[in-house]
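Trainee: just a sequence and a predicted model for now, questions to come.
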Amino acid sequence: MNYAAKELTTSLQELTSRSEQQFCKRQEPLPTSITQGDTTLSKEVDTFLEKTREYSARTKNANVGTY
């Protein structure tokens, strides 16, 4: 599980870096507060989040055993 978490973190950082490079050319100042409607995620991150939600919904009632 630790390896998977590291790989996921690395991948998300890479995707964020790519998205950030696209928006770095922006010259106007950033607002002091950001509302939900002002945010945009890269297509890759949006797809990842959707897959995570679907997996969570499918496995919500899965029982592996007792601990």
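Mentor: Looks like it arrived, so ask away.

Trainee: now do the helix or strand harbouring A4: distance to the chain's middle.
Mentor: A4 is part of helix 2-23, with elements assigned from DSSP states H and E. Distance, stretch centre to chain centre, for helix 2-23: 9 Å (CA atoms, centre = their mean, to the nearest Å).

Trainee: and S11, how many residues sit next to it?
Mentor: When neighbours are counted by other CB atoms under 10 Å, S11 registers 13. To be clear about C-beta, it is placed using only N, CA and C from the backbone, and glycine gets the same treatment.

Trainee: tell me which element R53 falls in.
Mentor: Going by DSSP H and E, R53 is part of helix 43-58.

Trainee: okay, angle between that helix and helix 2-23 too, please.
Mentor: In terms of direction (axes from the mean of the first three to the mean of the last three CA atoms, to 10 degrees), helix 43-58 departs from helix 2-23 by 140 degrees.

Trainee: helix or strand with the lowest mean pLDDT in this structure?
Mentor: Lowest mean confidence among the helices and strands of the chain (mean pLDDT, DSSP states H and E): helix 2-23, at a mean of 79.

Trainee: tell me what it is packed against?
Mentor: Packing partners of helix 2-23 (3 or more CB pairs under 8 Å, 6 or more residues apart in numbering; DSSP states H and E): helix 43-58.
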